[in-house]
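> sequence and predicted structure below; questions after.
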Amino acid sequence: MKKALTWLKDNGVAYDFHDYKSKGVDEGKLRNWAGQVGWEALVNRKGTTWRQLDDAQKDAVRDEASAIALMKDKTSVIKRPLLEANGKVLSVGFDVETYTDLFSAK
């Protein structure tokens, strides 16, 4: 997150930050995102929260519905940052090249 926020600031890109770890995220938003990029892209399987889950909890995440239930319950398992504009997911995770491509016309 820090790298993404720094990149946006350094490149003069205006943004609204929604901290879904503290403010939460509704199921409709998660379904919308999953419909656009797939639920697999949204679940951060490399993060601390995922690693702290027991095997039964990990094994239970098999489809969109189970992934959304987990992301609602443990929002820190959602891969960050997620860039969205006008309801469209632009990027999941931070990559300098992707951000440069997205905002090169700005």
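Happy to help now that I have it. Numbers count the residues shown, from 1 in each chain.

> show me the contact partners of the lowest-mean-pLDDT helix or strand in the chain.
When each helix and strand of the chain is scored by mean pLDDT, DSSP states H and E, helix 20-23 comes last, with a mean of 87. With contact meaning CB atoms under 8 Å, 6 or more residues apart in numbering, helix 20-23 is reached by 75, 76, 78. All C-beta atoms are positioned from the backbone trio N, CA, C, and that covers glycine.

> in this structure residue 47 contacts residue 77, no?
Yes: Residue 47 is within contact range of residue 77, at 6.6 Å (criterion: CB atoms under 8 Å).

> hey, where'd the helices end up in the protein?
Secondary structure of the chain by DSSP state H: the helices cover 2-10, 20-23, 27-37, 39-42, 48-52, 55-59, 64-73, 96-103.

> distance from the second one to the middle of the chain?
Spelled out, that is helix 20-23. 12 Å (CA atoms, centre = their mean, to the nearest Å).

> report the mean per-residue pLDDT for stretch 85-103.
On average, the pLDDT along stretch 85-103 is 95.

> identify all contacting residues around that stretch.
Residues from elsewhere that reach stretch 85-103 (CB under 8 Å, 6+ apart): 1, 3-4, 7-8, 11, 13, 32-33, 36-37, 41-42, 79-84.
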